[in-house]
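K.L.:
Just a sequence and a predicted model for now, questions to come.
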Amino acid sequence: MSERSRTSRISLSRVLRTQRRYWLVHLVLFAGGLVMVFPFVYQLLMSVATDAQVRSVPPTLIPDTLHWENYTEVFTKLPFLRQFGTSVLITVARTAGQLVLASMAGYAFARMPFRGRGPIFGALLLILMVPGQSYLIGQYRIVRDMGLLETPWGIIAPGLFSAFATFLMRQAFMGLPNEMEEAARLDGANQWQIFWRIMLPLVRPSLFAVTITTVLWSWNDLLWPLIVTSREENMPLSVGIATLAGEHSTDYTLMMAASTMAMAPIFLLFFTMQKRVIEGLASSGVKG
Amino acid sequence: MAATSITAASAGGGGRAHREGPGRGPSRVGAWPVLFIGPLMLGVAVFYYWPIITNLIVSTQRSNAFGGNPTFVGAENYTDLLTSADLPSAIRNTLIYTVLVLLGIPLSLAIAAMIELPGLRLKGLYRSMYFMPYLAMPMAVAQVWKIVFNGDFGLLNQLLKSFGIDSPPYWLVTPGWALLAVAVFGVWASIGFNVIILSSGLKAIPRELYEAASIDGASGWRQFLSITVPLLSPQIFFLTIMTTIGGFQLFDALYAMIGRGNPAEPHTRSLVALFYRQAFQNSAQGQGAAVAVVILLFVAVVTLVQFVGQKKWVHYV
């Protein structure tokens, strides 16, 4: 017992000594971190201020009374609920679609030997090298011809198919051992059962990585929804918020309240599982 | 985010052993691959391959606002584009922006190296502080930056005035400054992802290397240059490619921060903004399609140069 408390005391003093040696590092990191976080704090503060306070010189950082009515006003000036619903729908649909399609295809590319597998996979990866603008006009025409302009399905459709997600899933399936697959096959399971029951649960971290990247990308996506929708009531939030910025004057506090609400779901989602999110994103980048 | 991939393919790909016994022929899997890959490839064909071909065709046509009445005009869209002043200025703006956001990589490296110092406390707090901007919806968070950069009541100028700078510029409406302001936003928004990638690379570097270097009397700075940077070169290369491609795709930040009618708009207009303007605002889809082809060539050339150049400085362990 006394042995343990002694070592803990030693390590505590060592920790303090290390942190003291690092005081300058702490100072720099904290100051830089404040710069990173400041816009969000400022946004929150302005979202409950008055327009006059936002425009005041010298600046009023802390509003004297909290104007929560800015938040309720967003719902009258903007079809906010509908735009929010569209954002949720396109995000959920794209994520679900990518998870299913990319994991199935990734599995086949990794574990089913078939003729033409290499070239087909190569052809799939090719679209990763092509910048998005090269297919936007064509996608617009297809979506228009399908009668999907001004609909969430028009926004959703192209984003269901992702070469990047398929690539990630293929990598994940390639890393799995053969034994379980063989055992399942001996037990008479077919390819679908092996995939669904045995292999898919084993690549959960990669499914999570695909989920994070797709959710982020869908929720924040701007250019494609901007092309597909032109009426306020059909836009997702990422486009709709801009309509609050008038040609000549902007109601800043309203804009701040709407922006805060548009970003809140992503922040809530990610801060409840922060560690896994960071790991997932790191793994979707490079495996060092 | 879609572009994240190219380098993931080159950097991470093909590493793992894939067992494929000689006895397993195509017959063994039967029609399963069609079922597994078919839906994806069908969608990719409809929404990616075919649109790319469409774009090439459209770039040789002139049509009315809705793409009707197309007539073949050969290379006219391209020659028009090459002789107009729009293209050179869009290329210049795009390149300036890209170079500016690339400066975010050394900055991110400094931050990541500090966060990953052994024994440093509050790592979690710092990681999340620097990570937050990466999550933010560009359209929404750019609105705050617009206020910060505002010429009359923006915090930046009020700060500068308090330091005795009497007439600081109207950042977002002055041609020379607007692109810089957008790039500051771009760097701020990209640091989070950079730090994540660099941190995961830093954690993989064995501590013994630093211990051995310390025994040999290498200074901290020497260790950083001779151990950290070379061993992080795959991550640095990955981020260089990603940032370059991302820089070429500049649109969201411009659309959010530089509105139409802004006098700085022509001086910040990127290639993608030019594309959007021609194809979807000016109803000149042929012109827009030609811009898209220029962007494609541009990305291809720069990526190729970077991949050739990487042999000189990227060390894979």
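P.N.:
In hand now; what should we look at?
K.L.:
State the number of residues packed around residue 57.
P.N.:
Looking at chain A here, since you left the chain open. 11 (other CB atoms under 10 Å in any protein chain shown). (C-beta placed from N, C-alpha, C; glycine too.)
K.L.:
oops, chain B please
P.N.:
B:Ile57 has 14 neighbours, counted by other CB under 10 Å.
K.L.:
One more: A:Thr243?
P.N.:
A:Thr243: 14 surrounding residues under other CB under 10 Å.
K.L.:
Which one of the residues in chain A is closest to chain B?
P.N.:
Closest contact between chain A and chain B, by CB to the nearest CB, is at A:Gly138 (2.4 Å).
K.L.:
For that residue, give me the pLDDT.
P.N.:
Listed pLDDT for A:Gly138 reads 95.
K.L.:
For A:Gln147, which three-state class applies?
P.N.:
For the record, residue A:147 is Gly, not Gln. Secondary structure, DSSP: H, G, I helix; E, B strand; the rest coil: A:Gly147 is coil.
K.L.:
What separation is there between B:Tyr49 and A:Asp145?
P.N.:
16 Å (CB to CB, to the nearest Å).
K.L.:
Those two: which is more packed in?
P.N.:
Neighbour count, other CB under 10 Å: between B:Tyr49 and A:Asp145, B:Tyr49 has more, with 18 against 9.
K.L.:
Provide the count of other residues in contact range of the residue of chain A closest to chain B.
P.N.:
Neighbour count of A:Gly138, defined by other CB under 10 Å: 25.
K.L.:
so where's the chain uncertain?
P.N.:
Just going to use chain A. The model of chain A has pLDDT under 70 over residues A:1-12, A:14-15, A:18, A:246-249, A:285-288.
K.L.:
hm, I was asking about chain B
P.N.:
B:1-28, B:65-67, B:317.
K.L.:
so is A:Thr65 in a helix, a strand, or just coil?
P.N.:
Three-state call for A:Thr65 (three-state DSSP): coil.
K.L.:
Spatially central residue in chain A, please.
P.N.:
A:Leu216 (1.4 Å; CA atoms, centre = their mean).
K.L.:
Shouldn't it be within a strand?
P.N.:
No - applying three-state DSSP, one finds A:Leu216 to be helix, outside a strand.
K.L.:
Touching, B:Ala213 and B:Trp221? I think so.
P.N.:
No - the pair B:Ala213 / B:Trp221 is not scored as a contact, 11.3 Å apart, by CB atoms under 8 Å.
K.L.:
between the two, who's got more neighbours?
P.N.:
A direct count of neighbours by other CB under 10 Å for B:Ala213 and B:Trp221 places B:Ala213 higher, at 16 against 8.
K.L.:
sec struct for the more buried one, please.
P.N.:
helix.
K.L.:
what sits against residue 36?
P.N.:
Answering for chain A, as no chain was given. Shown in contact with A:Met36 (CB atoms under 8 Å, 6 or more residues apart in numbering or on different chains): B:Met129, B:Tyr130, B:Met132, B:Pro133, B:Trp188, B:Ile191, B:Gly192.
K.L.:
I was after chain B.
P.N.:
Counting by CB under 8 Å, 6+ apart, B:Phe36 has contacts A:Met104, A:Ala105, A:Tyr107, A:Ala108, A:Met112, A:Gln191, A:Phe195.
K.L.:
Most widely separated two among the residues you listed?
P.N.:
Spatially, the most separated pair among the contacts of B:Phe36 is A:Ala105 and A:Gln191, at 13.2 Å (CB to CB).
K.L.:
Domains in chain A, by residue range?
P.N.:
Following the assignment in the TED database, chain A carries domains at A:12-69, A:79-244.
K.L.:
distance between the shortest one and the chain's centre?
P.N.:
The reference is to domain A:12-69. Relative to its parent chain, domain A:12-69 has a centroid offset of 25 Å by CA atoms, centre = their mean, to the nearest Å.
K.L.:
most tightly surrounded among the domains of chain A?
P.N.:
domain A:79-244 (a mean of 20; mean count of other CB atoms under 10 Å in any protein chain shown).
K.L.:
residues in the stretch 201-317 of chain B within reach of chain A, list them.
P.N.:
Within reach of chain A by CB under 8 Å from any CB of the partner chain, the stretch 201-317 of chain B has these residues: B:201, B:204, B:234-235, B:238, B:245, B:248-249, B:251-252, B:255-256, B:259, B:261, B:272, B:275-276, B:279-280, B:285, B:288-289, B:291-293, B:295-296, B:299-300, B:303.
K.L.:
Quick check on these: which are buried?
P.N.:
In those, burial by neighbour count holds for B:201, B:234-235, B:238, B:245, B:248-249, B:251-252, B:255-256, B:259, B:272, B:275-276, B:279-280, B:285, B:288-289, B:291-293, B:295-296, B:299, B:303, counting by 16 or more other CB atoms under 10 Å in any protein chain shown.
K.L.:
So what touches stretch B:207-215?
P.N.:
With CB under 8 Å, 6+ apart as the test, stretch B:207-215 has contacts from B:Pro118, B:Arg222, B:Gln223, B:Ser226, B:Ile227, B:Leu231.
K.L.:
What is the host helix or strand of the third one packed up against?
P.N.:
Secondary structure from DSSP states H and E places B:Gln223 in helix B:220-223. Under the contact criterion of 3 or more CB pairs under 8 Å, 6 or more residues apart in numbering or on different chains; DSSP states H and E, helix B:220-223 touches helix B:207-215.
K.L.:
Check which residues of the helix it packs on are buried.
P.N.:
By neighbour count with 16+ other CB under 10 Å, helix B:207-215 contains the buried residues B:Tyr210, B:Ala213.
K.L.:
chain center to the strand or helix carrying A:Met263: distance?
P.N.:
In this structure, A:Met263 is located in helix A:252-272 according to DSSP H and E. With CA atoms, centre = their mean as the basis, helix A:252-272 stands 14 Å off its chain's centre.
K.L.:
Buried residues, the next helix or strand after it. List them.
P.N.:
Note on helix A:252-272: by DSSP H and E, the next helix or strand toward the C-terminus is helix A:274-285. For helix A:274-285, the neighbour count (16+ other CB under 10 Å) marks A:Val277, A:Ile278, A:Glu279, A:Gly280, A:Leu281, A:Ala282, A:Ser283, A:Ser284, A:Gly285 as buried.
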